[in-house]
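Enquirer: Here's my sequence, what's the structure:
(one chain, ligands or ions: 2)
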Amino acid sequence: MSLENSQHGQTLNSHNLPELDEWRNLHIDQQPTWHEHPDYPSSIQELSSLPPLVFAGEVDRLRRRLANVAEGKAFFLQGGDCAETFNDATADKISARVKTLLQMAVVLTYGASMPVVKMGRMAGQFSKPRSSNDETRDGTTLPSFRGEMVNGFDFTEEARAHDPRRMVRGYHTSASTLNLVRAFTTGGFADLRLVNQWNKGFTANPAHARYESLAREIDRALKFMEACGADFEALKATEMYVGHEGLLLDYERAMTRIDSRTQNPYDTSAHFIWIGERTRGLDDAHVNFLSKVRNPIGVKLGPTTSTEEVLRLIDILDPEREPGRLTFITRMGAQKIRENLPPLVEAVKSEGSKIVWVTDPMHGNTISVPSGYKTRRFNDVVDEVRGFFEVHEALGTFPGGLHIEMTGDDVAECLGGSDPVDESAFLDSYESLCDPRLNHRQSLEIAFLVAEYLARR
Ligand code: PEP
Ligand code: MN
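Expert: Ligands and ions are numbered 1, 2, ... in the order given. Okay, the predicted model is just below:
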(Lines give C-alpha, C1' and ligand atoms only; values in the text may rest on other atoms or scores of the structure.)
(Ligands and ions follow the chains in the order given, each with its own letter.)
Protein backbone atom coordinates (compact mmCIF):
# COMPACT_ATOMS: atom_id res chain seq x y z
CA MET A 1 0.00 0.00 0.00
CA SER A 2 1.41 3.38 -0.84
CA LEU A 3 0.67 5.80 1.94
CA GLU A 4 1.12 9.50 2.57
CA ASN A 5 2.35 11.72 -0.20
CA SER A 6 5.43 13.83 0.36
CA GLN A 7 4.94 16.64 -2.10
CA HIS A 8 4.73 19.82 -0.15
CA GLY A 9 6.49 19.72 3.13
CA GLN A 10 3.76 19.06 5.65
CA THR A 11 3.43 15.33 5.32
CA LEU A 12 5.80 12.58 4.42
CA ASN A 13 5.47 8.87 4.03
CA SER A 14 5.05 7.17 7.38
CA HIS A 15 4.97 3.51 6.41
CA ASN A 16 8.70 3.18 6.98
CA LEU A 17 8.19 3.83 10.70
CA PRO A 18 7.44 0.34 12.04
CA GLU A 19 6.76 1.64 15.56
CA LEU A 20 3.57 3.28 14.24
CA ASP A 21 2.26 -0.22 13.52
CA GLU A 22 3.32 -2.04 16.69
CA TRP A 23 -0.25 -1.75 17.99
CA ARG A 24 -1.41 -4.16 15.30
CA ASN A 25 0.19 -7.02 17.26
CA LEU A 26 -1.29 -6.01 20.61
CA HIS A 27 -4.56 -6.66 22.36
CA ILE A 28 -7.20 -4.19 21.18
CA ASP A 29 -10.74 -3.56 22.39
CA GLN A 30 -13.80 -1.89 20.91
CA GLN A 31 -12.87 -2.18 17.24
CA PRO A 32 -15.16 -2.67 14.24
CA THR A 33 -15.15 -6.00 12.41
CA TRP A 34 -14.58 -4.65 8.93
CA HIS A 35 -11.13 -5.82 7.95
CA GLU A 36 -12.46 -8.31 5.39
CA HIS A 37 -14.90 -5.77 3.94
CA PRO A 38 -14.21 -5.22 0.21
CA ASP A 39 -14.03 -1.43 0.77
CA TYR A 40 -11.56 -1.58 3.65
CA PRO A 41 -8.29 -1.30 1.67
CA SER A 42 -9.53 1.52 -0.57
CA SER A 43 -10.94 3.46 2.42
CA ILE A 44 -7.61 3.31 4.25
CA GLN A 45 -5.78 4.20 1.06
CA GLU A 46 -8.02 7.21 0.51
CA LEU A 47 -7.70 8.48 4.07
CA SER A 48 -3.95 8.11 3.88
CA SER A 49 -3.68 10.35 0.85
CA LEU A 50 -6.19 13.04 1.87
CA PRO A 51 -4.81 16.29 3.32
CA PRO A 52 -4.24 16.49 7.07
CA LEU A 53 -7.07 18.11 9.03
CA VAL A 54 -4.68 19.90 11.39
CA PHE A 55 -1.04 20.90 11.03
CA ALA A 56 1.95 20.04 13.17
CA GLY A 57 2.53 23.70 14.07
CA GLU A 58 -0.97 24.01 15.52
CA VAL A 59 -0.55 20.81 17.48
CA ASP A 60 2.73 22.10 18.91
CA ARG A 61 1.10 25.39 19.84
CA LEU A 62 -1.65 23.53 21.68
CA ARG A 63 1.00 21.57 23.57
CA ARG A 64 2.54 24.87 24.67
CA ARG A 65 -0.88 26.19 25.71
CA LEU A 66 -1.50 23.03 27.74
CA ALA A 67 1.93 23.40 29.31
CA ASN A 68 0.61 26.69 30.72
CA VAL A 69 -2.34 24.78 32.15
CA ALA A 70 0.03 22.25 33.71
CA GLU A 71 1.87 25.19 35.33
CA GLY A 72 -1.37 26.64 36.71
CA LYS A 73 -1.32 29.64 34.37
CA ALA A 74 -4.28 28.81 32.12
CA PHE A 75 -7.55 26.89 32.33
CA PHE A 76 -8.69 24.21 29.85
CA LEU A 77 -12.27 23.92 28.58
CA GLN A 78 -13.35 20.95 26.45
CA GLY A 79 -16.94 20.50 25.34
CA GLY A 80 -19.21 19.02 22.73
CA ASP A 81 -21.42 16.10 21.84
CA CYS A 82 -20.99 12.62 23.23
CA ALA A 83 -21.28 11.45 19.64
CA GLU A 84 -21.42 13.80 16.69
CA THR A 85 -23.64 12.79 13.78
CA PHE A 86 -23.24 13.44 10.07
CA ASN A 87 -26.68 15.01 9.73
CA ASP A 88 -26.13 17.40 12.60
CA ALA A 89 -22.99 18.88 11.07
CA THR A 90 -25.04 21.92 10.05
CA ALA A 91 -24.13 25.59 10.27
CA ASP A 92 -26.81 26.19 12.90
CA LYS A 93 -25.80 23.40 15.23
CA ILE A 94 -22.07 23.99 14.89
CA SER A 95 -22.41 27.72 15.45
CA ALA A 96 -24.64 27.18 18.51
CA ARG A 97 -22.04 24.87 20.03
CA VAL A 98 -19.11 27.17 19.24
CA LYS A 99 -21.09 30.11 20.58
CA THR A 100 -21.84 28.31 23.85
CA LEU A 101 -18.18 27.32 24.27
CA LEU A 102 -17.08 30.92 23.63
CA GLN A 103 -19.64 32.22 26.14
CA MET A 104 -18.42 29.75 28.75
CA ALA A 105 -14.81 30.66 28.02
CA VAL A 106 -15.37 34.40 28.57
CA VAL A 107 -16.96 33.75 31.94
CA LEU A 108 -14.17 31.36 32.94
CA THR A 109 -11.45 33.72 31.73
CA TYR A 110 -12.86 36.42 33.97
CA GLY A 111 -13.38 34.10 36.94
CA ALA A 112 -9.92 32.55 36.71
CA SER A 113 -8.16 35.75 35.58
CA MET A 114 -6.37 33.45 33.19
CA PRO A 115 -6.45 32.54 29.53
CA VAL A 116 -8.77 29.67 28.69
CA VAL A 117 -7.63 27.01 26.22
CA LYS A 118 -10.79 26.24 24.25
CA MET A 119 -11.46 22.91 22.61
CA GLY A 120 -14.47 21.33 20.92
CA ARG A 121 -15.27 17.65 21.34
CA MET A 122 -15.92 18.19 17.73
CA ALA A 123 -14.87 17.58 14.13
CA GLY A 124 -14.03 13.90 14.68
CA GLN A 125 -16.05 12.62 17.66
CA PHE A 126 -17.78 9.93 15.59
CA SER A 127 -16.93 6.63 17.28
CA LYS A 128 -18.08 5.19 20.58
CA PRO A 129 -16.97 2.39 22.90
CA ARG A 130 -19.94 0.28 23.98
CA SER A 131 -20.54 -1.91 27.00
CA SER A 132 -22.02 -4.65 24.80
CA ASN A 133 -21.24 -5.74 21.23
CA ASP A 134 -24.91 -6.38 20.53
CA GLU A 135 -28.27 -4.87 21.22
CA THR A 136 -31.51 -6.86 21.44
CA ARG A 137 -34.93 -5.36 20.79
CA ASP A 138 -38.11 -7.43 20.71
CA GLY A 139 -36.19 -10.64 20.19
CA THR A 140 -33.96 -9.27 17.41
CA THR A 141 -30.23 -8.98 18.09
CA LEU A 142 -28.03 -6.67 16.01
CA PRO A 143 -24.58 -5.13 16.47
CA SER A 144 -24.58 -2.13 18.83
CA PHE A 145 -24.37 1.38 17.43
CA ARG A 146 -20.67 2.36 17.60
CA GLY A 147 -20.82 5.90 16.27
CA GLU A 148 -21.45 7.03 12.70
CA MET A 149 -17.90 6.44 11.62
CA VAL A 150 -18.61 2.70 12.14
CA ASN A 151 -22.34 2.06 11.61
CA GLY A 152 -25.76 3.68 11.61
CA PHE A 153 -28.13 4.24 14.52
CA ASP A 154 -31.26 2.74 12.90
CA PHE A 155 -32.07 -0.69 14.26
CA THR A 156 -31.77 -2.55 10.94
CA GLU A 157 -29.25 -5.10 9.78
CA GLU A 158 -28.18 -2.83 6.96
CA ALA A 159 -27.60 0.23 9.16
CA ARG A 160 -25.82 -1.67 11.89
CA ALA A 161 -23.31 -3.35 9.54
CA HIS A 162 -19.76 -2.01 10.04
CA ASP A 163 -18.85 -0.04 6.93
CA PRO A 164 -15.30 1.29 6.42
CA ARG A 165 -16.49 3.90 3.89
CA ARG A 166 -17.99 5.67 6.90
CA MET A 167 -14.46 6.64 7.96
CA VAL A 168 -14.08 8.59 4.73
CA ARG A 169 -17.42 10.32 5.32
CA GLY A 170 -16.27 11.01 8.88
CA TYR A 171 -13.13 12.64 7.54
CA HIS A 172 -15.09 14.92 5.19
CA THR A 173 -17.63 15.83 7.85
CA SER A 174 -14.77 16.64 10.22
CA ALA A 175 -13.14 18.79 7.54
CA SER A 176 -16.27 20.86 6.94
CA THR A 177 -16.97 21.17 10.67
CA LEU A 178 -13.42 22.30 11.35
CA ASN A 179 -13.61 24.76 8.48
CA LEU A 180 -16.61 26.43 10.08
CA VAL A 181 -15.01 26.41 13.54
CA ARG A 182 -11.96 28.15 12.08
CA ALA A 183 -14.14 30.65 10.22
CA PHE A 184 -16.21 31.46 13.31
CA THR A 185 -13.26 31.88 15.62
CA THR A 186 -11.23 34.09 13.30
CA GLY A 187 -13.93 35.88 11.31
CA GLY A 188 -15.41 38.24 13.93
CA PHE A 189 -17.91 35.85 15.54
CA ALA A 190 -15.66 35.50 18.59
CA ASP A 191 -15.55 39.24 19.34
CA LEU A 192 -15.49 39.49 23.13
CA ARG A 193 -18.09 42.23 23.15
CA LEU A 194 -20.47 40.13 21.09
CA VAL A 195 -19.96 37.09 23.30
CA ASN A 196 -20.65 39.25 26.33
CA GLN A 197 -23.93 40.44 24.79
CA TRP A 198 -25.01 36.81 24.44
CA ASN A 199 -24.21 36.21 28.10
CA LYS A 200 -26.40 39.14 29.05
CA GLY A 201 -29.23 37.27 27.35
CA PHE A 202 -28.57 34.31 29.64
CA THR A 203 -28.66 36.34 32.85
CA ALA A 204 -31.76 38.24 31.73
CA ASN A 205 -33.67 35.00 32.43
CA PRO A 206 -35.01 35.46 36.01
CA ALA A 207 -33.98 31.86 36.75
CA HIS A 208 -30.36 32.93 36.34
CA ALA A 209 -30.61 36.18 38.31
CA ARG A 210 -27.97 35.05 40.79
CA TYR A 211 -25.34 35.22 38.02
CA GLU A 212 -26.24 38.76 37.03
CA SER A 213 -23.68 40.44 39.24
CA LEU A 214 -20.84 38.40 37.73
CA ALA A 215 -22.11 39.18 34.24
CA ARG A 216 -22.24 42.88 35.17
CA GLU A 217 -18.68 42.77 36.44
CA ILE A 218 -17.53 41.25 33.16
CA ASP A 219 -19.41 43.94 31.29
CA ARG A 220 -17.71 46.66 33.31
CA ALA A 221 -14.32 45.04 32.78
CA LEU A 222 -14.88 45.08 29.02
CA LYS A 223 -15.98 48.71 29.09
CA PHE A 224 -12.88 49.50 31.14
CA MET A 225 -10.70 47.72 28.57
CA GLU A 226 -12.38 49.64 25.79
CA ALA A 227 -11.93 52.95 27.60
CA CYS A 228 -8.25 52.16 28.05
CA GLY A 229 -7.96 51.64 24.31
CA ALA A 230 -7.67 47.85 24.23
CA ASP A 231 -7.23 46.62 20.70
CA PHE A 232 -10.59 44.98 20.09
CA GLU A 233 -9.63 44.34 16.49
CA ALA A 234 -7.07 41.90 17.83
CA LEU A 235 -9.58 40.51 20.33
CA LYS A 236 -12.03 39.62 17.59
CA ALA A 237 -10.23 36.36 16.90
CA THR A 238 -9.54 33.51 19.22
CA GLU A 239 -7.90 30.10 19.14
CA MET A 240 -10.09 27.06 19.24
CA TYR A 241 -8.82 23.51 19.04
CA VAL A 242 -10.56 20.21 18.38
CA GLY A 243 -10.20 16.80 19.99
CA HIS A 244 -11.93 13.44 20.06
CA GLU A 245 -11.54 9.98 21.53
CA GLY A 246 -8.91 8.15 19.47
CA LEU A 247 -10.88 4.93 19.40
CA LEU A 248 -10.69 3.74 15.79
CA LEU A 249 -7.04 3.04 15.31
CA ASP A 250 -7.56 2.25 11.61
CA TYR A 251 -8.62 5.87 11.17
CA GLU A 252 -6.05 7.43 13.50
CA ARG A 253 -3.20 5.48 11.90
CA ALA A 254 -4.31 6.40 8.39
CA MET A 255 -4.42 10.09 9.42
CA THR A 256 -0.92 9.99 10.89
CA ARG A 257 1.73 11.87 8.93
CA ILE A 258 5.39 12.63 9.40
CA ASP A 259 6.11 16.33 9.82
CA SER A 260 8.78 17.20 7.28
CA ARG A 261 10.36 19.80 9.55
CA THR A 262 10.87 17.68 12.64
CA GLN A 263 10.45 14.16 11.20
CA ASN A 264 8.02 13.41 14.03
CA PRO A 265 4.69 11.61 13.54
CA TYR A 266 1.53 13.63 14.17
CA ASP A 267 -2.00 12.28 14.19
CA THR A 268 -3.50 14.92 11.92
CA SER A 269 -7.12 13.94 12.58
CA ALA A 270 -7.30 16.44 15.48
CA HIS A 271 -5.12 18.59 17.71
CA PHE A 272 -5.84 16.54 20.82
CA ILE A 273 -6.68 12.86 21.11
CA TRP A 274 -7.80 11.11 24.24
CA ILE A 275 -7.87 7.46 25.25
CA GLY A 276 -11.16 6.30 26.76
CA GLU A 277 -11.67 4.64 30.11
CA ARG A 278 -12.34 1.33 28.35
CA THR A 279 -9.27 1.24 26.13
CA ARG A 280 -6.50 2.51 28.40
CA GLY A 281 -4.93 -0.90 29.10
CA LEU A 282 -1.21 -0.30 29.69
CA ASP A 283 0.00 -2.99 27.29
CA ASP A 284 -2.83 -2.56 24.80
CA ALA A 285 -3.01 -1.08 21.33
CA HIS A 286 -4.42 2.38 22.10
CA VAL A 287 -1.81 3.37 24.66
CA ASN A 288 0.92 1.97 22.43
CA PHE A 289 -0.20 3.82 19.28
CA LEU A 290 -0.81 7.16 20.93
CA SER A 291 2.54 6.99 22.73
CA LYS A 292 4.15 7.31 19.26
CA VAL A 293 2.53 10.53 18.05
CA ARG A 294 3.46 14.06 19.10
CA ASN A 295 -0.09 15.31 19.79
CA PRO A 296 -1.07 16.21 23.33
CA ILE A 297 -2.79 13.11 24.68
CA GLY A 298 -5.58 12.74 27.22
CA VAL A 299 -6.47 9.65 29.23
CA LYS A 300 -9.81 9.18 30.97
CA LEU A 301 -9.44 7.86 34.51
CA GLY A 302 -12.43 6.17 36.12
CA PRO A 303 -13.02 5.32 39.78
CA THR A 304 -11.10 2.03 39.73
CA THR A 305 -7.83 3.56 38.47
CA SER A 306 -4.83 2.62 40.60
CA THR A 307 -1.82 4.79 41.40
CA GLU A 308 0.42 2.19 39.68
CA GLU A 309 -1.59 2.55 36.48
CA VAL A 310 -1.33 6.32 36.61
CA LEU A 311 2.43 6.22 37.08
CA ARG A 312 2.88 3.67 34.29
CA LEU A 313 0.70 5.78 31.98
CA ILE A 314 3.02 8.70 32.60
CA ASP A 315 6.07 6.55 31.86
CA ILE A 316 4.61 5.26 28.61
CA LEU A 317 2.85 8.37 27.30
CA ASP A 318 5.09 11.10 28.66
CA PRO A 319 8.55 9.59 29.06
CA GLU A 320 10.23 13.00 28.61
CA ARG A 321 8.00 14.55 31.30
CA GLU A 322 7.03 17.33 28.95
CA PRO A 323 4.43 19.75 30.37
CA GLY A 324 1.38 19.85 28.08
CA ARG A 325 1.94 16.38 26.66
CA LEU A 326 -0.36 14.49 29.01
CA THR A 327 -3.79 15.34 30.41
CA PHE A 328 -5.64 13.15 32.87
CA ILE A 329 -9.40 13.51 32.54
CA THR A 330 -10.92 12.12 35.73
CA ARG A 331 -14.51 10.79 35.69
CA MET A 332 -15.03 9.26 39.07
CA GLY A 333 -18.66 10.06 39.89
CA ALA A 334 -19.81 12.64 42.42
CA GLN A 335 -19.99 9.98 45.14
CA LYS A 336 -16.43 8.80 44.66
CA ILE A 337 -14.28 11.70 43.58
CA ARG A 338 -13.41 12.97 47.05
CA GLU A 339 -12.17 9.53 48.04
CA ASN A 340 -10.71 8.13 44.82
CA LEU A 341 -8.99 11.14 43.27
CA PRO A 342 -6.59 12.21 46.07
CA PRO A 343 -4.28 9.16 45.96
CA LEU A 344 -3.84 9.57 42.19
CA VAL A 345 -3.07 13.28 42.43
CA GLU A 346 -0.69 12.65 45.32
CA ALA A 347 1.16 9.93 43.42
CA VAL A 348 1.68 12.23 40.44
CA LYS A 349 2.64 15.11 42.69
CA SER A 350 5.32 13.12 44.50
CA GLU A 351 6.61 11.78 41.21
CA GLY A 352 7.04 15.40 40.09
CA SER A 353 5.37 15.23 36.66
CA LYS A 354 3.57 18.28 35.34
CA ILE A 355 0.26 16.75 34.30
CA VAL A 356 -2.87 18.63 33.30
CA TRP A 357 -5.81 17.55 35.51
CA VAL A 358 -9.26 17.93 34.00
CA THR A 359 -12.63 16.92 35.43
CA ASP A 360 -15.20 15.11 33.29
CA PRO A 361 -18.20 15.39 35.63
CA MET A 362 -20.46 13.58 33.16
CA HIS A 363 -19.43 9.96 32.72
CA GLY A 364 -19.40 8.90 36.37
CA ASN A 365 -22.89 10.31 36.92
CA THR A 366 -25.03 8.62 34.28
CA ILE A 367 -28.31 7.11 35.46
CA SER A 368 -31.28 5.52 33.72
CA VAL A 369 -34.81 6.69 34.46
CA PRO A 370 -37.73 4.25 34.35
CA SER A 371 -38.88 5.59 30.97
CA GLY A 372 -35.61 4.14 29.63
CA TYR A 373 -33.68 7.36 28.98
CA LYS A 374 -30.06 7.71 30.05
CA THR A 375 -29.68 10.97 31.93
CA ARG A 376 -27.56 12.90 34.44
CA ARG A 377 -28.61 15.18 37.24
CA PHE A 378 -27.24 18.71 36.99
CA ASN A 379 -26.60 18.68 40.74
CA ASP A 380 -24.45 15.54 40.50
CA VAL A 381 -22.44 17.12 37.70
CA VAL A 382 -21.92 20.25 39.81
CA ASP A 383 -21.05 18.14 42.84
CA GLU A 384 -18.33 16.26 40.97
CA VAL A 385 -16.88 19.57 39.77
CA ARG A 386 -16.88 20.85 43.35
CA GLY A 387 -15.25 17.63 44.57
CA PHE A 388 -12.57 18.02 41.92
CA PHE A 389 -11.78 21.57 43.08
CA GLU A 390 -11.83 20.56 46.74
CA VAL A 391 -9.36 17.71 46.17
CA HIS A 392 -6.92 19.91 44.26
CA GLU A 393 -7.23 22.71 46.76
CA ALA A 394 -6.48 20.35 49.64
CA LEU A 395 -3.41 18.96 47.86
CA GLY A 396 -2.12 22.26 46.53
CA THR A 397 -2.38 21.14 42.91
CA PHE A 398 -4.00 22.97 40.04
CA PRO A 399 -7.52 22.00 38.91
CA GLY A 400 -6.75 22.54 35.24
CA GLY A 401 -10.03 22.21 33.44
CA LEU A 402 -13.46 21.01 32.57
CA HIS A 403 -14.52 18.36 30.03
CA ILE A 404 -18.25 18.28 29.39
CA GLU A 405 -20.81 16.80 27.04
CA MET A 406 -22.84 19.77 25.90
CA THR A 407 -24.74 21.30 23.04
CA GLY A 408 -25.69 24.82 22.09
CA ASP A 409 -29.29 23.78 21.57
CA ASP A 410 -32.31 23.75 23.81
CA VAL A 411 -32.42 19.98 24.32
CA ALA A 412 -33.74 18.14 27.39
CA GLU A 413 -31.30 15.36 28.24
CA CYS A 414 -29.84 16.18 31.69
CA LEU A 415 -32.18 16.85 34.62
CA GLY A 416 -32.25 20.03 36.69
CA GLY A 417 -30.45 23.37 36.55
CA SER A 418 -31.81 26.74 37.68
CA ASP A 419 -34.19 26.83 34.72
CA PRO A 420 -34.87 23.17 35.26
CA VAL A 421 -35.27 20.40 32.76
CA ASP A 422 -37.62 17.67 33.90
CA GLU A 423 -38.28 14.20 32.60
CA SER A 424 -41.52 15.10 30.84
CA ALA A 425 -39.50 17.10 28.29
CA PHE A 426 -37.45 14.06 27.20
CA LEU A 427 -40.15 12.78 24.87
CA ASP A 428 -39.93 15.85 22.62
CA SER A 429 -36.48 17.23 23.23
CA TYR A 430 -34.09 14.33 23.90
CA GLU A 431 -31.89 14.20 20.79
CA SER A 432 -28.61 12.53 21.75
CA LEU A 433 -27.87 9.16 20.13
CA CYS A 434 -25.53 8.35 22.97
CA ASP A 435 -24.96 10.07 26.33
CA PRO A 436 -27.08 12.98 27.64
CA ARG A 437 -25.63 16.46 27.14
CA LEU A 438 -25.99 19.68 29.10
CA ASN A 439 -28.13 22.06 27.09
CA HIS A 440 -27.12 25.64 26.31
CA ARG A 441 -28.37 27.07 29.62
CA GLN A 442 -27.05 24.25 31.78
CA SER A 443 -23.63 24.61 30.13
CA LEU A 444 -23.50 28.34 30.83
CA GLU A 445 -24.64 27.76 34.37
CA ILE A 446 -21.73 25.38 34.96
CA ALA A 447 -19.37 28.02 33.59
CA PHE A 448 -20.79 30.67 35.95
CA LEU A 449 -20.54 28.33 38.93
CA VAL A 450 -16.93 27.40 38.13
CA ALA A 451 -16.07 31.06 37.50
CA GLU A 452 -17.51 32.06 40.88
CA TYR A 453 -15.43 29.36 42.46
CA LEU A 454 -12.24 30.35 40.60
CA ALA A 455 -12.77 34.00 41.46
CA ARG A 456 -12.82 33.16 45.18
CA ARG A 457 -9.56 31.24 45.10
C1 PEP B 1 -17.00 9.58 26.35
O2 PEP B 1 -16.22 10.51 26.60
O3 PEP B 1 -18.02 9.71 25.65
C4 PEP B 1 -16.73 8.26 26.97
C5 PEP B 1 -17.14 7.13 26.45
O6 PEP B 1 -16.06 8.40 28.12
P7 PEP B 1 -15.29 7.36 29.03
O8 PEP B 1 -14.19 6.78 28.18
O9 PEP B 1 -14.78 8.23 30.13
O10 PEP B 1 -16.29 6.34 29.49
MN1 MN C 1 -20.18 10.05 26.41
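Enquirer: Now the residue nearest to the spatial centre of the chain: closest residue in space that isn't a chain neighbour?
Expert: The centre of the chain sits closest to residue 121, judged by CA atoms, centre = their mean, with a distance of 3.6 Å. Nearest non-adjacent residue to residue 121, counting by CB to CB, 6 or more residues apart in numbering: residue 80, 3.1 Å away. (Each C-beta comes from the backbone N, C-alpha and C, glycine too.)
Enquirer: same question, residue 115
Expert: In space, and not counting its chain neighbours, residue 115 is closest to residue 74: 4.6 Å by CB to CB, 6+ apart.
Enquirer: Could you list the contact residues of the chain toward ligand 1?
Expert: Contact residues, the chain versus ligand 1 (CB under 6 Å from any ligand atom): 82, 129, 245, 276-278, 300, 331, 363, 435.
Enquirer: Need these in a markdown table (columns: secondary structure).
Expert: Formatted as a markdown table, the residues of the chain next to ligand 1 follow (DSSP: H, G, I helix; E, B strand; the rest coil):
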| residue | secondary structure |
| --- | --- |
| 82 | coil |
| 129 | coil |
| 245 | strand |
| 276 | coil |
| 277 | helix |
| 278 | helix |
| 300 | strand |
| 331 | coil |
| 363 | coil |
| 435 | coil |
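Enquirer: The residues you listed into a markdown table, with extra columns for pLDDT and distance to ligand 2?
Expert: A markdown table is the format used below for those (pLDDT from 0 to 100; distance: CB to the ion, whole Å):
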| residue | pLDDT | distance to ligand 2 |
| --- | --- | --- |
| 82 | 98 | 3 |
| 129 | 98 | 9 |
| 245 | 98 | 9 |
| 276 | 98 | 9 |
| 277 | 98 | 10 |
| 278 | 98 | 11 |
| 300 | 98 | 10 |
| 331 | 98 | 9 |
| 363 | 98 | 6 |
| 435 | 97 | 3 |
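Enquirer: export the residues you listed to CSV and tack on neighbour count?
Expert: CSV is the format used below for those (neighbours: other CB atoms under 10 Å):
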residue, neighbour count
82, 22
129, 16
245, 27
276, 22
277, 20
278, 16
300, 22
331, 24
363, 21
435, 18
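Enquirer: Which single residue of the protein ends up nearest ligand 1?
Expert: Per CB to the nearest ligand atom, residue 276 is where the chain lies closest to ligand 1, at 3.1 Å.
Enquirer: My read is that that residue contacts residue 129, right?
Expert: Yes: between residue 276 and residue 129 there is a contact under CB atoms under 8 Å: 5.2 Å.
Enquirer: Find residues that contact each of the two.
Expert: Jointly contacting residue 276 and residue 129 under the rule CB atoms under 8 Å, 6 or more residues apart in numbering are 30, 245, 247.
Enquirer: Tell me how many other residues crowd the last one.
Expert: Around residue 247 there are 27 other residues, counting by other CB atoms under 10 Å.
Enquirer: Minimum distance to ligand 2, which residue of the stretch 101-250 of the chain gives it?
Expert: Residue nearest to ligand 2 within the stretch 101-250 of the chain: residue 128 (7.3 Å; CB to the ion).
Enquirer: and that residue, which of the three is it?
Expert: coil.
Enquirer: Give the closest residue to it in space, chain neighbours not counted.
Expert: Closest residue to residue 128 apart from its sequence neighbours, by CB to CB, 6+ apart: residue 147 at 4.1 Å.
Enquirer: tell me which element that neighbour is part of?
Expert: Using DSSP states H and E, residue 147 sits within no helix or strand.
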